[in-house]
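1. Below is the sequence, then the predicted model.
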Amino acid sequence: MVLFSCLTFILFLLFPALWWLVAIVFAVAGYCSWQTVLSRTPKAGTVLMLPKENFIEIQSQTINFKGQLIGATIWFDSQIALKIMDANQAKQQVFLTRQAIPEADWRLLCRTTLQAK
């Protein structure tokens, strides 16, 4: 996404008359990114955490992730982007919102993700 943004900026500098084309391409890329985030954000499900082993399992109707928690990013105390490595060493990313988790579990998840770094 960063490469695409830099390329868009360079094209905008080289061809300022085509600002409308750059705006359309940038809007389409943003929409595609947003759909990717929505597809990786479960609406309801179960989260199993083992904080001592940094193990997490997330099950919902749309996704099923389980594995070692290797990193996380907390976005404005309302969303967490979890990076999970499964048994096959494949890395996956899932997003959890604060409204989807009870408050005590949200705090435990934040502490666990901060320790995973």
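-> Received, thanks.

2. secondary structure element for Thr62?
-> Taking DSSP states H and E as the definition, Thr62 sits outside all helices and strands.

3. Could you look up the SS state of the residue nearest to it when sequence neighbours are not counted?
-> With sequence-adjacent residues excluded and distances taken as Cβ to Cβ, 6 or more residues apart in numbering, Thr62 is closest to Pro42, at 6.2 Å. Backbone N, C-alpha and C define where each C-beta goes, glycine included. At Pro42 the chain is in coil, as set by DSSP: H, G, I helix; E, B strand; the rest coil.

4. isn't Pro42 right up against Val94?
-> Yes. Between Pro42 and Val94 a contact is recorded at 7.4 Å, counting by Cβ atoms under 8 Å.

5. List the buried residues for stretch 78-96?
-> By neighbour count on 16 or more other Cβ atoms under 10 Å, the buried set for stretch 78-96 is 79-84, 94-96.
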